[in-house]
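Trainee: Mind folding the following:
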Amino acid sequence: MSSETFVVAYEGDPDDPNVLDYAIHRAKAEGARLLLIHVLEWSPYSFLTPQEVEERHGRRKQELARANEVVMAPALAKCEAAGVPADGKIRYGQVVELILEETKTAGATVIFVGRSGSNSMAARVFGSVPLGLAQVAPVPTVIVP
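Mentor: Sure, this is the predicted structure:
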């Protein structure tokens, strides 16, 4: 088995499993492991009062717990059921920047990202991600329809 790691920029939409299914298929075929990365947009505003900062910190912890339960845990279970070793990370910040950072840290050789097609807020946020990754990633970026 190779020691390759494939990154999956994972939006986590249960109605659109294509990117995860494709990444699992490729990882299984090539003996690679997956690193699923789910990014929650977060803008730290410096003009918030200490009380507002604390409230945002509390919401952030709730969002992280929910993302782990609703997005990451089921995705990792799906990988495990398919016999593909996988890890997951949930990060706050700019999607493209954090996907690239995690790709470099993991020494990953490929990035898989879904092509968002809906008009949801998530699709608008992630819509520029495939293009952004394709333009600046240091490794091949596979855009999964």
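
Trainee: from here on, contacts and neighbour counts on C-alpha atoms
Mentor: Fine.

Trainee: what bits of this protein have low per-residue confidence?
Mentor: In the predicted model of the chain, residues 1-2, 14-15, 42-46, 116-127 satisfy pLDDT under 70.

Trainee: biggest helix in it by residues?
Mentor: Of all the segments of type helix in the chain, defined by DSSP state H, the longest one is helix 50-67.

Trainee: Quick check: next helix or strand after that helix?
Mentor: helix 73-81 (DSSP states H and E).

Trainee: the inter-axis angle of the helix or strand just after that following helix versus helix 50-67?
Mentor: Per DSSP H and E, the first helix or strand lying C-terminal to helix 73-81 is strand 86-92. If you take axes from the mean of the first three to the mean of the last three CA atoms, to 10 degrees, strand 86-92 sits at 160 degrees to helix 50-67.

Trainee: Using neighbour counts, pick out the buried residues of the longest helix of the chain.
Mentor: 64, 67 (16 or more other CA atoms under 10 Å).

Trainee: Just the angle for that helix relative to helix 73-81, thanks.
Mentor: Going by the same axes, to 10 degrees, helix 50-67 is angled at 30 degrees with respect to helix 73-81.

Trainee: contacts for helix 50-67?
Mentor: residue 90 (CA atoms under 8 Å, 6 or more residues apart in numbering).

Trainee: next one: stretch 94-110
Mentor: By CA under 8 Å, 6+ apart, the residues outside stretch 94-110 that reach it are 4-7, 9, 37, 39-42, 91, 111, 126, 129, 132-133, 137-142.
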